[in-house]
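[1] what follows is a protein structure lacking sequence information:
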């Protein structure tokens, strides 16, 4: 019920009520608590309140409201379910206020502010890496970072502030180091230096990386020099995330933890040592599990990258460190136990031992100290010591031993040894044989036999079943009464030793027997092989030694199929020319049976391709290697790799669906890819049912297979010009992901897009081009000019652009460039420069097609403003189109208006540039520029319409509510508009310049 009531409350009303009551009062605390519960249920309202309140409380003293606002802000940034974009925006808006609160006098306030900075630092780093204009906020963030890091060693800072600053430092280390370089293993939610472009105007990735490594060294120094348990625990606990997300730093972390020793602690108590040692032990175990899990999850990727170590790294170092730590903890536990026992003994001495002596009733001052020895011995013999507490018995024994001298103790031990000899020196005499019974043992066994018995540790008497050795021979001897042996410790047979042992050579098999064995093995593996998973002892955190069992089954299966006949045997048969007809017949039969075996394996894989894709990958790799191995000995060998690959792909493509990732992984694992497979992937991209698989596979080839990169990327780039938009759009989205930060794909995609754009230029005929090139060869190139590049040709575009241009065909040329311009605005320079060399019909198509791009960038984009200011001659119509697009969405901002005014005064621009901004000018500017607009009239209908629209925008018209009394009439710019009379007077004064005044006035009327 409380949750329902809280959900129905209005946060603004509750906040107003809390501000209305006295500050720091119980009523205000109750209302703020209720408001906090409400906001946790309505988290979308938190950013609005925090943005408003954080500025209001920044310069105030310590109060309940201030603490409540900071706690709410920390909740919104760190623990709420708000999306990352909202939290980033909230952090950016609160940056200045939080930076000012670092100087607050309250340690609690500074602690919460540092915790907020630990959350927003990665968010703002990601924001500033993608936005190149926020230099001032970045400098504010750097100053706040430096101020927080100074608090770690500041003498006046409290322990809580130092711990919070340490955690912030660990977050800075995480951000200012590079993540995993392999794109397949990268974590998209992990901000790191890989997000920062190398040409960023105010963020230097190299400086940040250097600072991050220095901060890591500083953390290690604090680990070895600090005497505070809280500081050490904070460092150790924060390293778990660092080890998980930054695998290259695991070696530094493990080495530091292995060398740490608790001697430098300020108060080396057992409790403090145990606390730090426990944190270190947990972290080392966590790193060990993370390393093994990482290797097992990404084993295939690491093997393909040839970076798979023989065993998990750092495992031995971690085990050694844990062993040393266990020894340290045992020593500390023993010392603590001895300290407690000594303290208990001292306490018992101060209290005195219990007195059992009798006191004379007649003389209370005289204590009877004379005892009867016989009575005391009898009392001790009959006393039940098991009834006493164990601690008391131990104290009594230790106290008595301390009273004895070393000489007395050694004498008592020697006397006990003389009266109680050890069992090893005793003799056992067998019992006498009764008359009339046969002797069961030899005569020599009637002599005393000295039995060698080793002392037994009583602590190891409780053995598990695994510790009992199974010795059937000894058991049989004991059951037979000892008849099997004659002398103890002696055997009749000499011990066996293995010296230079070698397995015998395998029995040679004929071709028929060999293939029969292979068929039998394949059948068994098909029926039972896949059921064998990793054994239980390998399912834990321990790494595999060698390949897992299932991998061994797969490798055995495919090698039997591909290498059934040894290469040496094949070479010998090829060199022997006798009985050619018989050998050809046998060879044909062998080839037929080998094909049948391969066909069996192929059918088995295709029955369930997604779950058996690993078998297919290993098989194809073995076939590829086997072809090259056999071609070295027999040039007439018929390769098998490509033919069986074609069969698998052709059979599986009929069952392929849009979400099938097994096919992509299969192609990625192939050692070589024929051109026919790339052509098939091109067909997949144009098939609506297989588009996703085709584009995904080609994208992975570009990223993960450098030898195939140019071929796969060439197909994707050609698909960006496909006539169908359903195919062209995913192709553009695929190649756009590599721009501008992924090398070398970025440069290839940009160059291709610009070559597509230049296809729209007016090209000189071939004969004239050849003559011009010959002349340039003779006279030399001037001003560093290059010869005209070859026209780009694709299978989806005509050889030349036809005139008048088709708008759809122009879109095939420019859509890629326009899509890349959102990420790389500098490409618009090439668009403007190329625009000046296009046909008029092509220019008109581009003016229409660029609308979506300009609207997405917005009127305040710095690149568009720069192009409007510096567009090249001949691109006036394109610049005017951009200006017109800005006016379609509303009124122009003052920046564009002043920019166009300056252009009109500096450059001889067409009067059409005045039309979009004439309504934003004051009356004096309108009177000065209107004659130039009217001079556009040339008798055609389009200029008349433009002039009419200008008159409608600058002439004041009576409002619809004219004559009624209201206070809500718009009064914006009414004084700057012209009245109809003023317009008529202006046209009358300009009648000499305007030849068709009468016609225009008639049209307006």
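    Now that the structure is in, tell me what you want to look at. In this text the structure is predicted, and so the values were computed from the model without any measurement. Numbers count the residues shown, from 1 in each chain.
[2] now the stretch 201-350 of the chain, which segments are flagged as low pLDDT?
    Counting by pLDDT under 70, the stretch 201-350 of the chain contains low-confidence residues at 263-270, 290-314, 348-350.
[3] quick one, helices of it?
    205-225, 229-245, 250-259, 270-297, 299-304, 315-351 (DSSP state H, counting those that start in this stretch).
[4] residue 210 - how many residues pack around it?
    Using other CB atoms under 10 Å, residue 210 has 12 other residues around it. Heads up, the C-betas are built off the backbone N, CA and C, glycines and all.
[5] ok, it to residue 140 distance?
    21 Å (CB to CB, to the nearest Å).
[6] is it true that residue 163 touches residue 231?
    Yes. Using CB atoms under 8 Å, residue 163 is in contact with residue 231, at 6.7 Å.
[7] which one of those two has more residues nearby?
    Set side by side, residue 163 and residue 231 give different neighbour counts by other CB under 10 Å, the larger being at residue 163 (21 against 18).
[8] mind checking pLDDT for the more buried one?
    The pLDDT attached to residue 163 in the predicted structure is 91.
[9] what lies in contact with the helix or strand where it lies?
    Per DSSP states H and E: residue 163 is located in helix 159-175. Here helix 159-175 makes contact (CB atoms under 8 Å, 6 or more residues apart in numbering) with 107-108, 110-111, 114-115, 117-118, 121-122, 125, 145, 148-149, 151-152, 154, 157, 191-193, 212, 215-216, 218-219, 222, 228, 230-231, 234-235, 238-239, 241-242, 245-246.
[10] list the buried residues of that helix.
    161-175 (16 or more other CB atoms under 10 Å).
[11] mind picking out the helix or strand in this protein with the poorest mean pLDDT?
    Ranked by mean pLDDT, DSSP states H and E, the helix or strand of the chain with the weakest confidence is strand 449-450, at a mean of 40.
[12] residue 845 - how many residues pack around it?
    Around residue 845 there are 23 other residues, counting by other CB under 10 Å.
[13] go on, residue 208?
    When neighbours are counted by other CB under 10 Å, residue 208 comes out with 17.
[14] ok, now how distant is it from residue 50?
    28 Å.
[15] do the same with residue 219
    Plainly put, residue 219 is 31 Å away from residue 50 if you go by CB to CB.
[16] cool, and residue 24?
    Taking CB to CB as the measure, residue 24 falls 21 Å from residue 50.
[17] between these two, tell me which one has more neighbours.
    Each of residue 24 and residue 50 had its neighbours counted (other CB under 10 Å), and the higher figure belongs to residue 50 (23 against 12).
[18] if I pick the closest residue to that one other than its chain neighbours, what's in contact with it?
    Of all residues not flanking residue 50 in the chain, residue 73 sits nearest, at 4.9 Å (CB to CB, 6 or more residues apart in numbering). Applying CB under 8 Å, 6+ apart to residue 73 gives the contacts 50, 54, 90, 94, 116.
[19] closest to residue 317 out of those residues?
    In terms of CB to CB, no member of those lies closer to residue 317 than residue 116, at 37.3 Å.
[20] give me the buried positions along whichever strand or helix holds that closest one.
    With elements delineated by DSSP H and E, residue 116 resides in helix 107-130, which encompasses its position. By neighbour count on 16+ other CB under 10 Å, the buried set for helix 107-130 is 109-129.
[21] what mean pLDDT does that helix get?
    Rounded mean pLDDT across helix 107-130 is 91.
[22] over to stretch 49-63?
    Averaged over stretch 49-63, pLDDT sits at 86.
[23] circling back: out of the helices of the stretch 201-350 of the chain, the one nearest residue 692 is which?
    The stretch from those with the least distance to residue 692 (CB to CB) is helix 299-304; that distance is 21.9 Å.
[24] starting at the chain centroid, how far to stretch 150-160?
    33 Å (CA atoms, centre = their mean, to the nearest Å).
[25] what comes up buried for it?
    In stretch 150-160, counting by 16+ other CB under 10 Å, buried: 151, 152, 157.
[26] distance of residue 407 relative to residue 288?
    Applying CB to CB to residue 407 and residue 288 gives a distance of 54 Å.
[27] neighbour-wise, which of the two wins?
    Neighbours of residue 407 and residue 288, each counted by other CB under 10 Å, are more numerous for residue 288; the result is 20 against 8.
[28] quick check: closest non-adjacent residue to the more buried one.
    Distances taken as CB to CB, 6+ apart put residue 318 closest to residue 288, at 5.0 Å, once the chain neighbours are dropped.
[29] give me the number of residues near the one you found?
    Residue 318, neighbours per other CB under 10 Å, totals 21.
[30] cool, and residue 397?
    Using other CB under 10 Å, residue 397 is surrounded by 10 other residues.
[31] what about it, which helix or strand?
    Using DSSP H and E, the secondary-structure element containing residue 397 is helix 390-403.
[32] just how off-centre is that helix within its chain?
    Taking CA atoms, centre = their mean, one finds helix 390-403 lying 62 Å from the centre of the chain it belongs to.
[33] skip ahead from that helix and say which helix or strand is next.
    helix 406-419.
[34] and the contacts of that next one?
    Residues from elsewhere that reach helix 406-419, judged by CB under 8 Å, 6+ apart: residue 401.
[35] just the helices in the stretch 751-900 of the chain please.
    Defined through DSSP H, counting those that start in this stretch, the helices belonging to the stretch 751-900 of the chain, from first to last, are 766-779, 807-823, 827-835, 840-849, 851-857, 862-870, 876-888, 894-906.
[36] residue 516: which of these is closest?
    Distances from residue 516 to each of these were compared by CB to CB, and the smallest falls on helix 807-823, at 59.7 Å.
[37] so which elements touch the closest one?
    helix 725-736, helix 745-758, helix 827-835, helix 840-849, helix 851-857 (3 or more CB pairs under 8 Å, 6 or more residues apart in numbering; DSSP states H and E).
[38] can you check which of those gets nearest to residue 662?
    Among those, helix 725-736 comes nearest to residue 662, with 20.4 Å by CB to CB.
[39] what does the closest one contact?
    Around helix 725-736, the neighbours that count as contacts under CB under 8 Å, 6+ apart are 685-686, 688, 691, 695, 698-699, 713, 716-717, 719-722, 745, 749, 812, 815-816, 819-820, 823.
[40] got the buried residues for it?
    727, 728, 730, 731, 732, 734, 735, 736.
[41] where in the stretch 851-1000 of the chain is pLDDT low?
    Answering for the stretch 851-1000 of the chain: the residues below the bar, that is pLDDT under 70, span 889-890, 935-940, 956-976, 978, 981, 983, 985-1000.
[42] what about the strands in it?
    Ranges of strands in the stretch 851-1000 of the chain, per DSSP state E, counting those that start in this stretch: none exist.
[43] for stretch 155-163, measure first residue to last.
    Criterion CA to CA, to the nearest Å; first-to-last residue distance in stretch 155-163 is 13 Å.
[44] what is the end-to-end distance of stretch 76-88?
    Across stretch 76-88, the terminal residues are separated by 11 Å (CA to CA).
[45] now do it: everything it contacts.
    With contacts defined as CB under 8 Å, 6+ apart, stretch 76-88 is touched by 40, 43-44, 46-47, 50, 90-91, 115-116, 119-120, 123-124, 126-127.
[46] go on, stretch 675-682?
    Contacts made with stretch 675-682 from outside it, assessed by CB under 8 Å, 6+ apart, are listed as 645-646, 649, 653, 667, 694, 697-698, 708, 711-712, 715, 719.
[47] cool, thanks, signing off.
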